[in-house]
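> need the 3D shape of this:
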Amino acid sequence: MKKAPPNVAHILFEKHLRELGLDYVKEYRFHPTRKWKFDYLCKPDVAIEIEGGIWSGGRHTRGKGYQSDLDKYNQATMMMYKVLRFSTTDVLRGRAKAFLAAHLQDGQ
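Numbers count the residues shown, from 1 in each chain. Okay, the predicted model is just below:
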């Protein structure tokens, strides 16, 4: 699969959220003192992250970035958020949408 710019995956993901009837807040800041944000917050407690650069040695796979992600996700878990993580490939191939349809779509 040809690599798409990260914003393409986010645009498509937002389209998928709308198609599924899921309300969302983009770039939701969840911690009162840290600058941590979720890419998306759906429902009151479901955080969604789109992880880019996982095959190219991007921020999420290098030491400092990976450790920061661990800290962020562990804190979010302790604050009772359900954190879902998808790659840009998951979004572009429809796997993220299918997962959300199976687990979060309105009425479920």
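
> correct me, but Tyr73 touches Val83?
Yes. Taking contacts as Cβ atoms under 8 Å, Tyr73 lies within contact range of Val83: 5.3 Å. Glycine gets a C-beta too; all of them are placed from N, C-alpha and C.

> over to the closest residue to Met79 other than its chain neighbours: give its phi and psi.
With Cβ to Cβ, 6 or more residues apart in numbering as the criterion, Met79 has its nearest non-adjacent residue at 6.9 Å, and that residue is Phe30. When quoted as degrees, to the nearest 10, the phi and psi of Phe30 stand at phi -110, psi -10.

> next one: Ile50
For Ile50, the backbone dihedrals (degrees, to the nearest 10) come out as phi -100, psi 110.

> please renumber so the chain begins at 26
With the count now opening at 26, the last piece we talked about shows up as Ile75.

> what helix or strand is the closest residue to it other than its chain neighbours on?
Excluding its sequence neighbours, the residue lying closest to Ile75 (Cβ to Cβ, 6+ apart) is Asp64, at 5.1 Å. Taking DSSP states H and E as the criterion, Asp64 maps to strand 62-67.

> strands paired with that strand, and their directions?
strand 49-54 (antiparallel), strand 71-76 (antiparallel) (DSSP bridges).

> deepest of the ones you listed, which one?
Per-stretch averages of neighbours, counted by mean count of other Cβ atoms under 10 Å, single out strand 71-76 among the strands paired with strand 62-67, with a mean of 20.

> let's have the strands paired with strand 62-67 in TSV, adding distance to Thr114 and mean pLDDT.
Formatted as TSV, the strands paired with strand 62-67 follow (distance: least, Cβ to Cβ, whole Å; pLDDT from 0 to 100):
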stretch	distance to Thr114	mean pLDDT
strand 49-54	21	95
strand 71-76	10	94
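
> quick check, distance from the worst-scoring helix or strand of the chain on mean pLDDT to the centre of its chain.
When each helix and strand of the chain is scored by mean pLDDT, DSSP states H and E, helix 88-103 comes last, with a mean of 88. Its chain's C-alpha centre and that of helix 88-103 lie 14 Å apart, by Cα atoms, centre = their mean, to the nearest Å.

> check stretch 35-55 too.
How far stretch 35-55 lies from its chain's middle: 9 Å, per Cα atoms, centre = their mean.
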